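Visitor: return atomic coordinates for the entry below.
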Amino acid sequence: MDDLTGTLVLVHPQLPSDPASRQGQIGMITSADLVRDDVFVSFGKGEQALYATNALLVLKEPDKLYRELISNFKELEKNNFKTLFQINLLQQHSTSKQIKTGMELALGN
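Guide: Numbering: from 1, shown residues only. You can find the predicted model right below:
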């Protein structure tokens, strides 16, 4: 699926079995076959690993995240709201660097 190529993903931090030992690390999808549930993720320097879709996490779409933030701000703790709002602001720039920073913020919380 070419539409996933280039998408930044976070390998689930609590993935029970990861032969590539990349739990909690950010990589980029290089190719995907969703019918077979195969997603190839690059971690730079020629390092690539194969994952199932349920082993990978992505950020919500910026518009959806913003709507949920506004709708649920009373239920969120102040620090969580601030972090999610900061992630949403980073997403507005849509650069790989900003998205990666947003993922790192999410991982830290």
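Visitor: can you pull the contacts of A20?
Guide: Contact partners of A20, counting by C-beta atoms under 8 Å, 6 or more residues apart in numbering, are 43, 47, 49. (Glycine included, C-beta is placed from N, CA and C.)
Visitor: per-residue pLDDT, it?
Guide: What the model reports for A20 is a pLDDT of 91.
Visitor: and the helices in the chain, which stretches?
Guide: Secondary structure of the chain by DSSP state H: the helices cover 62-71, 78-93, 96-108.
Visitor: nearest to V11, out of those?
Guide: For V11, the closest of these is helix 96-108, at 10.2 Å, according to C-beta to C-beta.
Visitor: just checking, what packs against the closest one?
Guide: When contacts are defined as 3 or more C-beta pairs under 8 Å, 6 or more residues apart in numbering; DSSP states H and E, helix 96-108 sits against strand 8-11, strand 26-33, helix 78-93.
Visitor: ranking these by burial, who's on top?
Guide: The highest average neighbour count among the helices and strands packed on helix 96-108, using mean count of other C-beta atoms under 10 Å, belongs to strand 8-11 at a mean of 20.
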